[in-house]
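>>> Attaching a predicted model along with its sequence, questions to come.
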Amino acid sequence: MNKRINKMHSELAAPGLCASCGTVVNDKFCGTCGEKQVDAHDFALKHYVEESVEGITHFDNKFFRTAKTLITKPGLLTADFSKGKRMAYLKPFQLFLICNILFFFLAGSLNIFSQPLYSFYAYDPYVSFHTKETILKKVHNDAEFTTLATTFNGKVGNESKLYIALFIPTLALVFALIFFNTKRYFTEHLVFATHYFSFILIYFTLFTLLVIKPFYWFTHLEFSSTFDTITSVVNMAVFGTYFTIAAKRFYKVGGYHAFSGAVITTVMFVGILTGYRLLIFYKLMWTMH
């Protein structure tokens, strides 16, 4: 067995040379690319199991550490990233992807980024964009509306996942305009937007599980405009407060500048969210037959 492993090792890389970049290596790790030098121990089953468990545990710890910092210390992740302190946390877009998956897995199909068909039929601001007329072109009675609503509500949740990453560059552009005098690279605004939007996803995941779902479960309602209005106000207040703290910490601006940015960002977010919902609505209506 050992002879076979040693033979495999000799085939992978010449002794003293990195298997990835070919640099002469005098240590356990390559000083050029960081590749670990393979030895017989790497092919032992025990080592494989230990390394797999360590990888999962390390990832879990890194995610929870990143999420905890994101929630409890707004703006610090971006500030540390700009300073080059990155090893302790997940990469910004990696964090967003995980938060995105958790949000849509736990929050369910109808969530903050998607609305049931009846909302587009009866409520502002959607009906101002001719959504009711669009629906009436497809249905002629209550039975047809029920059928369309069932199909639409079954698809809208999955459809809303597809373009959610567009929020990040859009918000980054808003931040770049608000804080143009801070002389930050656009990439830094992009990282700040990624962290801010990841917080929004985590917040909405918890809010959906702890508030929205229990409310509709107890009331047996399909939709409540009053409840939606109240929760929207609460959510915007939370986002505004979080943004103010994060902006002061990262952009190093005064309280007034940070608060003004929070107001502008909150209003813009509501507008972007409404536009996103309308985009999903019309895309589905045009593709459904």
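Structure's in. What do you need? Numbering: from 1, shown residues only.

>>> Who are the contact partners of F250?
G75, T78, A79, S82, F192 (Cβ atoms under 8 Å, 6 or more residues apart in numbering). Backbone N, C-alpha and C define where each C-beta goes, glycine included.

>>> count of residues packed around the spatially closest residue to it that is not a sequence neighbour?
Distances taken as Cβ to Cβ, 6 or more residues apart in numbering place G75 nearest to F250, at 4.0 Å, with adjacent residues excluded. When counting by other Cβ atoms under 10 Å, one arrives at 24 neighbours for G75.

>>> With I71 instead?
14.

>>> from what I can see, it looks like it's in a helix, true?
Yes - per DSSP: H, G, I helix; E, B strand; the rest coil, I71 lies within a helix segment.

>>> Do you know the pLDDT at it?
For I71, the pLDDT comes out at 95.

>>> ok, it to T205 distance?
Per Cβ to Cβ, to the nearest Å, I71 is found 12 Å from T205.

>>> Repeat that for Y163.
19 Å.

>>> what does N61 give?
20 Å.

>>> The two: which has the busier surroundings?
T205 (20 against 11).

>>> Which helix runs longest in the protein?
helix 255-287 (DSSP state H).

>>> so how far is that one from its chain's centroid?
16 Å (Cα atoms, centre = their mean, to the nearest Å).

>>> Just the buried positions in it, please.
Applying a neighbour-count criterion of 16 or more other Cβ atoms under 10 Å, one finds 257-259, 261-262, 265-266, 268-269, 272, 276-278, 280-281, 284-285 buried in helix 255-287.

>>> now do stretch 165-175
Buried, per 16+ other Cβ under 10 Å, within stretch 165-175: F167, I168, T170, L171, A172, V174, F175.

>>> measure the closest residue to the third one other than its chain neighbours to S198 for me?
What that stands for is T170. Excluding the flanking residues, the one nearest T170 by Cβ to Cβ, 6+ apart is I272, at 5.8 Å. Plainly put, I272 is 16 Å away from S198 if you go by Cβ to Cβ.

>>> I'd like the mean pLDDT over the longest helix of the chain, please.
93.

>>> do the same with stretch 138-149
89.

>>> Where does pLDDT dip in the stretch 151-289 of the chain?
Along the stretch 151-289 of the chain, segments meeting pLDDT under 70 span 222-223, 289.

>>> need the helices for it, in chain order.
According to DSSP state H, counting those that start in this stretch, the stretch 151-289 of the chain carries its helices in the segments 167-178, 186-207, 213-219, 225-251, 255-287.

>>> Let me know which of those helices is the nearest to A149.
helix 255-287 (11.6 Å; Cβ to Cβ).

>>> N111 against F204, yeah?
Yes - in this structure, N111 is within contact of F204 by Cβ atoms under 8 Å, at 7.0 Å.

>>> shared neighbours of those two, anything?
F103.

>>> Helix or strand next in line after the helix or strand F63 falls within, which one?
Following DSSP states H and E, one finds F63 within helix 45-72. Counting by DSSP H and E, the element after helix 45-72 in chain order, helix or strand, is helix 76-83.

>>> Work out which residue lies at the spatial centre of the protein.
F96 (3.4 Å; Cα atoms, centre = their mean).

>>> and the helix or strand containing it, how far out from the chain's middle?
In this assignment (DSSP H and E), F96 forms part of helix 92-107. Distance of helix 92-107 from the chain centroid (Cα atoms, centre = their mean) equals 5 Å.

>>> Then stretch 91-106?
4 Å.
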